[in-house]
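Peer 1: Next come a sequence and a model predicted from it.
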2 protein chains.
Amino acid sequence: MLHYEDFIPGRQFQTESHTVTEAEIIAFARQFDPQPFHTDPAAATQSLFGGLAASGWHTSSLTMGLLSRSELAHVANGMIGMQVDKMRWPRPTRPGDTLTAYATVISSKVSASQPGFGVVKLHWETRNQQDEIAVHMETMMWVQRRGDTPPR
Amino acid sequence: MLHYEDFIPGRQFQTESHTVTEAEIIAFARQFDPQPFHTDPAAATQSLFGGLAASGWHTSSLTMGLLSRSELAHVANGMIGMQVDKMRWPRPTRPGDTLTAYATVISSKVSASQPGFGVVKLHWETRNQQDEIAVHMETMMWVQRRGDTPPR
């Protein structure tokens, strides 16, 4: 089990990889972002993307999927996100791209109102097979402290 | 068609509504956030959520889905997100919740490097049937200026 105390600044978690298919890109977009550059390979060539690209929300959700199946699956109370900042998608995710996600601890702070918990700030980054960044963001996660830690 | 010039600070866009089912919550979570409080109604009762709750990434993706089917479907070059900040989920989305999204223009700025485009900053907010906020965030969108606008 991972507790608040295990999130030491600099510690990095790496995930398995996932290769995204055209069918997955289109299925996600039809439900959550039905714009031609995400749903129609022919129409997408005429868009600013120059070809079919995954919705940014798809790339971000895939990142969550990868991280929630990594060592971070063992966070004591689950991976509970409090806030996301500075989320950007420097490179569109294309059919056939293989994504790997990384989460690096930036800082942490015990909760003032609930001293049995703390807030861990992480940098999330997902890279494709060419080591280009598909998405990056800063997240704040709500994490239980170890039971044997005396309250401050 | 909506261009940069149409995004006047204070202008608000409202979407249709969508009622989220338990099956949708579980299907999304199995793919993108397979934690028991998102996939297993019985196990969820023992979690910090006290019952089945949608993944925050699901609520955010539903928000994109609602907005991309609203008047914002008519943004000239499509809804292209550049950055997301301050994304928070004050209330979990539960099975049966009916969500409606709102996007309000905060500010806008012509691009220095590509004067045919501008960046529009929006506040996105999604509320449930009890007018509780399910998610809110600040987004920056890349929007084409009108063709007849002389370059500055």
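Peer 2: Looks like it came in fine. Residues are numbered from 1 along each chain as shown, chains lettered A, B, ... in the order given.
Peer 1: partners of A:Q14 in the sheet?
Peer 2: A:Y102 (DSSP bridges).
Peer 1: how close does it get to B:A44?
Peer 2: In this view, A:Q14 and B:A44 are 28 Å apart by Cβ to Cβ, to the nearest Å. Just so you know, the C-beta spots here come from the backbone N, C-alpha and C atoms, and that holds for glycine as well.
Peer 1: Residues of chain A that sit close to chain B?
Peer 2: Counting by Cβ under 8 Å from any Cβ of the partner chain, the residues of chain A close to chain B are A:28, A:31-37, A:47-48, A:55-58, A:60-62, A:64-65, A:68-69, A:73, A:77-89, A:137, A:142.
Peer 1: which ones among those residues are found in strands?
Peer 2: Among these, the subset assigned to strands under DSSP state E consists of A:81-88, A:137, A:142.
Peer 1: want to throw these into TSV with neighbour count and pLDDT?
Peer 2: TSV is the format used below for these (neighbours: other Cβ atoms under 10 Å in any protein chain shown; pLDDT from 0 to 100):
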residue	neighbour count	pLDDT
A:G81	18	96
A:M82	15	97
A:Q83	18	98
A:V84	22	98
A:D85	17	98
A:K86	13	98
A:M87	25	98
A:R88	15	98
A:M137	21	98
A:W142	20	97
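Peer 1: For those, work out which two are farthest apart.
Peer 2: Using Cβ to Cβ, the two most remote members of those are A:R88 and A:W142, lying 23.6 Å apart.
Peer 1: Could you pick out the buried ones from the residues of chain A next to chain B?
Peer 2: Buried by 16 or more other Cβ atoms under 10 Å in any protein chain shown: A:28, A:31-37, A:47, A:55-58, A:60-62, A:64-65, A:68, A:77-81, A:83-85, A:87, A:89, A:137, A:142, out of the residues of chain A next to chain B.
Peer 1: Report the mean confidence score over the host helix or strand of A:W124.
Peer 2: Here A:W124, judged by DSSP states H and E, is contained in strand A:117-127. The average pLDDT for strand A:117-127 rounds to 98.
Peer 1: what does that strand contact?
Peer 2: A:4, A:7, A:59, A:62-63, A:66-67, A:77, A:82, A:99-111, A:133-145 (Cβ atoms under 8 Å, 6 or more residues apart in numbering or on different chains).
Peer 1: Drop anything exposed from the residues you listed.
Peer 2: Using 16+ other Cβ under 10 Å as the burial test, those include A:4, A:7, A:59, A:62-63, A:66-67, A:77, A:99-103, A:105, A:108, A:134-137, A:139-145 as buried.
Peer 1: hmm, who's touching stretch A:32-51?
Peer 2: Here stretch A:32-51 makes contact (Cβ under 8 Å, 6+ apart) with A:22, A:25-26, A:28-30, A:52-55, A:57-58, A:92, A:94, B:61-62, B:64-65, B:68-69, B:73, B:77-80, B:142.
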